[in-house]
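1. kindly return the folded structure for what I paste below:
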Amino acid sequence: MLMKENYDVIVIGGGSMGLATAYHLAQRKTKTLVLERFSFLNQKGSSAGVSRQFRIPYPETYMVKMVLNAIPFWRELQTHTSARLLDTVGTLWFGDPKVKSSEGNIGEAEKALKANKVKFTTLDARQIEQQYHFKDLPDNFTGLFQADGASIDLKATLETLLKSNQNSGDVTLKEDSPVTGIRQIGKLFEVSTSQGVYVSEKLVMAPGPYVDEVTRFLGFSTEVIYWNMTSMYFKKTDPKINYPTWFVFQDPVGPSGNEFYGFPEVSWDHPGYIRVAPDFVMKPLTDPSQRTSIPNQDEVEYTCAWVKKHMSGLHPKPYFESTCFVALSQDQNKELIIDFAPDSVPNHRNVVIYATGWAGKFVPFLGKILSDLALDGKTKYDISHFRLGDKIFSSLR
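-> Residues are numbered from 1 along each chain as shown. Below you'll find the model as predicted:
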């Protein structure tokens, strides 16, 4: 018979959000268990890949405020490593000013930045070409540049969080431990894996796109879609050229969503290459088992065509292709979901869930929020816009 181990908090999911949550729980001397279904630092979930964008532009004032609130937590995490976690290169948003997408709209972002007193500069099409190496842009394109944007070294971020948790004395880390059951006994949750049975009064669920494989044990599912995100690396033909982090707004063309984003050359991620990715998926997945490391080749071709037409100093064929697997809410803005389990679950406010969204830029900050919710049932930060469980949680009973 497997012995039962008791913890103050059990964190399900050992990716960026799970590790960040454990990191903040440890700061409060909380006996914490992190269960990871694969190995730590794996490439099978939303933490796949090496880099992410840190950017302040958003079309909503609350999202701009969210990024500003995250900055001190990045600075604090930076004190634990000699690796540079944020490589500051600036953020460029540009494109058709009339286009509105899930990322927002350029004009709305300008208003949100002004409301939060964030400095930025505005540009026309020719200035974007002259200053940032793009070419042959439509005359009506406009843009904004915000100097605090950065490329996040996600790999170093995960390694820093993992090492801090390993050294804390308060966190137990178990990999290759997919959850096989959750049973409620009074106020306690009994979590089973092939390696053992673990008991706690509080759970934090942060399993990324595998969220439904865990929530089903508590009798509910999430209304999400799955994207196998494509990205690729283009070799620099002009060593003097570099790019900021950037996003281009354009109307869809045929089956292509026609919006793309990119990263600078950095020493820690294929030096000599620029990463570019489409911000659309042509064939969403219906189940996590469909996740693949092979990109959709139509998405690759559309991206290559855009790079060849509009970016200077790059070879038009990618050297390396990769994917990242993400679950997104059915919400129009594909919003982050930070909430408690539905009230159909006994002691539901002892179950905190981070379910969907692109949140690399918030990693250490969201860890703080999730740990506060687990220990205190509340946080001083405004998460009202992300309390969307009543919209995406569905009962299985």
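2. now the strands for the stretch 201-350 of the chain?
-> Shown for the stretch 201-350 of the chain, the strands assigned by DSSP state E, counting those that start in this stretch span residues 220-222, 224-236, 245-249, 260-262, 273-278, 314-329, 338-340.
3. quick one: Ser200 from Gln166, how far?
-> Here the distance between Ser200 and Gln166 works out to 20 Å (C-beta to C-beta, to the nearest Å). No exception for glycine: its C-beta is placed from N, CA and C like everyone else's.
4. low-confidence ranges in this protein?
-> For the chain, the stretches flagged by pLDDT under 70 are 1-2, 332.
5. need the longest helix for it.
-> When every helix of the chain is counted residue by residue (DSSP state H), the longest turns out to be helix 61-78.
6. start to end distance for stretch 175-193?
-> Terminal residues of stretch 175-193 lie 11 Å apart, using C-alpha to C-alpha, to the nearest Å.
7. hang on, I meant stretch 257-277
-> Across its full length, stretch 257-277 reaches 12 Å between end residues, using C-alpha to C-alpha.
8. in that stretch, what's buried?
-> 257-266, 269-270, 273-277 (16 or more other C-beta atoms under 10 Å).
9. list the contacts of stretch 212-226.
-> Residues outside stretch 212-226 that contact it (C-beta atoms under 8 Å, 6 or more residues apart in numbering): 12-13, 178-179, 181-182, 184, 205, 207, 209, 211, 284-288, 290-291, 325-330, 337, 341-342, 344-345, 351, 353, 355-356, 391-397.
10. just the helices from the stretch 51-200 of the chain, written as ranges.
-> 61-78, 106-115, 125-132, 154-168 (DSSP state H, counting those that start in this stretch).
11. show me what the first one is packed up against.
-> With contacts defined as 3 or more C-beta pairs under 8 Å, 6 or more residues apart in numbering; DSSP states H and E, the packing partners of helix 61-78 are helix 106-115, helix 154-168, helix 363-376.
12. try it again with 6 Å
-> Judged by 3 or more C-beta pairs under 6 Å, 6 or more residues apart in numbering; DSSP states H and E, the packing partners of helix 61-78 are helix 106-115, helix 363-376.
13. in CSV, could you pull the C-alpha coordinates for that helix?
-> Output in CSV follows, covering the C-alpha atoms of helix 61-78 (Å, rounded to 0.1, in the frame of the first residue of the first chain):
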residue,chain,number,x,y,z
THR,A,61,-5.8,49.7,-19.4
TYR,A,62,-6.1,46.8,-16.9
MET,A,63,-3.7,44.7,-19.0
VAL,A,64,-1.1,47.5,-19.2
LYS,A,65,-1.4,47.8,-15.4
MET,A,66,-1.0,44.0,-15.1
VAL,A,67,2.3,44.2,-17.0
LEU,A,68,3.5,47.1,-14.9
ASN,A,69,2.7,45.2,-11.8
ALA,A,70,4.7,42.3,-13.1
ILE,A,71,8.0,44.3,-13.4
PRO,A,72,9.0,44.2,-9.7
PHE,A,73,8.5,40.5,-9.6
TRP,A,74,10.8,40.0,-12.6
ARG,A,75,13.4,42.2,-10.9
GLU,A,76,13.2,40.1,-7.7
LEU,A,77,13.5,36.8,-9.6
GLN,A,78,16.5,38.2,-11.4
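14. out of the contacts of stretch 212-226, which sit inside helices?
-> 391-392.
15. what subset of the contacts of stretch 212-226 is buried?
-> Judged by neighbour count, with 16+ other C-beta under 10 Å as the criterion, the buried members of the contacts of stretch 212-226 are 12-13, 178-179, 182, 205, 207, 209, 211, 285, 288, 291, 325-329, 337, 341-342, 345, 351, 353, 355-356, 392-393.
16. Gly143 against Asp96, yeah?
-> No. Contact between Gly143 and Asp96 fails when scored by C-beta atoms under 6 Å: they sit 10.6 Å apart.
17. the two: who's more crowded?
-> Set side by side, Gly143 and Asp96 show more neighbours around Gly143, with 26 against 17, by other C-beta atoms under 10 Å.
18. beta partners for Gly104?
-> In this structure, Gly104 bridges to Ser101 when assessed by DSSP bridges.
19. relative to helix 106-115, how tilted is the longest helix of the chain?
-> In terms of direction (axes from the mean of the first three to the mean of the last three C-alpha atoms, to 10 degrees), helix 61-78 departs from helix 106-115 by 60 degrees.
20. quick one: contacts for the residue nearest to Asp87 when sequence neighbours are not counted?
-> Closest residue in space to Asp87, ignoring its immediate chain neighbours: Ser151 at 4.6 Å, by C-beta to C-beta, 6 or more residues apart in numbering. The neighbours of Ser151, taking C-beta atoms under 6 Å, 6 or more residues apart in numbering as the test, are 51, 87, 245, 263-264, 266.
21. now swap in Phe120 and tell me
-> Taking C-beta under 6 Å, 6+ apart as the contact definition, Phe120 lies against 113, 144, 146.
22. distance of it from Leu396?
-> 46 Å.
23. repeat that for Ser256.
-> Here Ser256 is placed at a distance of 37 Å from Leu396 (C-beta to C-beta).
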